[in-house]
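Student: Next input, structure requested:
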Amino acid sequence: MKRAFDLIISILLLIILCVPMMLVGFLVWFILGSPAFFVQLRPGKNGKPFKLYKFRTMLNLADKKGVPLPDSARLTGFGKFIRSTSLDELPELFNVIKGDMSLVGPRPLLMSYLDLYTAEQARRHEVPPGITGWSQVNGRNAVNWEKKFEMDVWYVDHQSFWLDLQILLKTPWVVLTRKGVGPDGEPTTPEFRGSISDNPQSPL
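Tutor: Numbering: from 1, shown residues only. All right, here's what the predicted structure looks like:
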């Protein structure tokens, strides 16, 4: 039922949002350059890697050695805007159709984090990752990593059609009000650098 729901809603959203998505894609290409899409390996269900699709938010700037410049030098005002409004997440609807993701589930983080989770935190990969999730509608980036992982595992243990529907209905309001997003569009929590048990200060 969850898979059928994901497919129906994702296809409908792509039909409804096709024009806005083309406009965002054109603006990304025009302002930030080619390519318009950002593609990166992320862990899916059971940690299996998949290619995540997003709209690009940073310039392709590098030093003389070809090393990308710091994010602060490459992130433009336009990039901050589409991040804070979650417009960069729209191409993930294609991931849902492919079966890599679900509409609702724990957000897919970086592959490099896989070895850093505690056994309990790693349970977030027992379900497909989602475009939105329980922690996204309950604080988003304003929630520290420890609490965020707790909410991800809580979702795994309590997932249901009605819970997914509740999360989906809350998501537009969270996005429109920019709850849990800093004034410049940046996350309001620091980068996750280690597991809670090994480095308890890093996610807080």
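
Student: from here on, contacts and neighbour counts on C-alpha atoms
Tutor: Fine.

Student: Name the residues of the lowest-mean-pLDDT helix or strand in the chain that come out as buried.
Tutor: In the chain, the helix or strand scored least confidently by mean pLDDT, DSSP states H and E is helix 71-74, which has a mean of 81. By neighbour count on 16 or more other CA atoms under 10 Å, the buried set for helix 71-74 is Arg74.

Student: Beyond it, next helix or strand please.
Tutor: helix 77-84 (DSSP states H and E).

Student: for the helix or strand following that following helix, packing partners?
Tutor: Downstream of helix 77-84, the first helix or strand assigned by DSSP H and E is helix 92-98. On a contact count with 3 or more CA pairs under 8 Å, 6 or more residues apart in numbering; DSSP states H and E, helix 92-98 meets helix 2-32, strand 49-55, strand 102-104.

Student: One more pass at 7 Å, please.
Tutor: In terms of contacts (3 or more CA pairs under 7 Å, 6 or more residues apart in numbering; DSSP states H and E), helix 92-98 is packed against helix 2-32, strand 49-55.

Student: tell me the secondary structure for the residue of the chain most remote from its centre?
Tutor: Each residue of the chain has a distance to the centre, and by CA atoms, centre = their mean the biggest one is for Lys64: 31.3 Å. Under DSSP: H, G, I helix; E, B strand; the rest coil, Lys64 falls in the coil class.

Student: pLDDT averaged over stretch 119-127, what's the number?
Tutor: When pLDDT is averaged along stretch 119-127, the result is 96.

Student: Lys147: how many residues sit nearby?
Tutor: Neighbourhood size, Lys147 [other CA atoms under 10 Å]: 14.

Student: any weak-confidence spans in the chain?
Tutor: 141, 179-204 (pLDDT under 70).

Student: if you set the cut-off to 50 instead, what comes out?
Tutor: For the chain, applying pLDDT under 50 flags the ranges 183-190, 195-204.

Student: helix, strand or coil for the residue nearest the centre of it?
Tutor: Centroid-nearest residue in the chain: Arg107, 5.2 Å away (criterion: CA atoms, centre = their mean). Taken by three-state DSSP, the conformation at Arg107 corresponds to coil.

Student: what about the residue farthest from the centre of the chain, distance to Leu32?
Tutor: Here the criterion is CA to CA, to the nearest Å. By it, Lys64 lies 20 Å from Leu32.

Student: got it, and Gly25?
Tutor: 10 Å.

Student: again with Lys148
Tutor: Relative to Leu32, and taking CA to CA, Lys148 is found at 32 Å.

Student: go on, Phe5?
Tutor: In this view, Phe5 and Leu32 are 35 Å apart by CA to CA.

Student: out of these two, which sits in the more crowded spot?
Tutor: Leu32 (20 against 12).

Student: which residues does that one contact?
Tutor: Residues counted as contacts of Leu32 (CA atoms under 7 Å, 6 or more residues apart in numbering) are 58-59.

Student: For it, give its distance to Arg56.
Tutor: From Leu32 to Arg56 the distance is 8 Å (CA to CA).

Student: In its sheet, which strands sit next to the host helix or strand of Leu41, and in what direction?
Tutor: Under the criterion of DSSP H and E, Leu41 resides in strand 37-43. Partner strands and pairing direction for strand 37-43 (DSSP bridges) are strand 49-55 (antiparallel).
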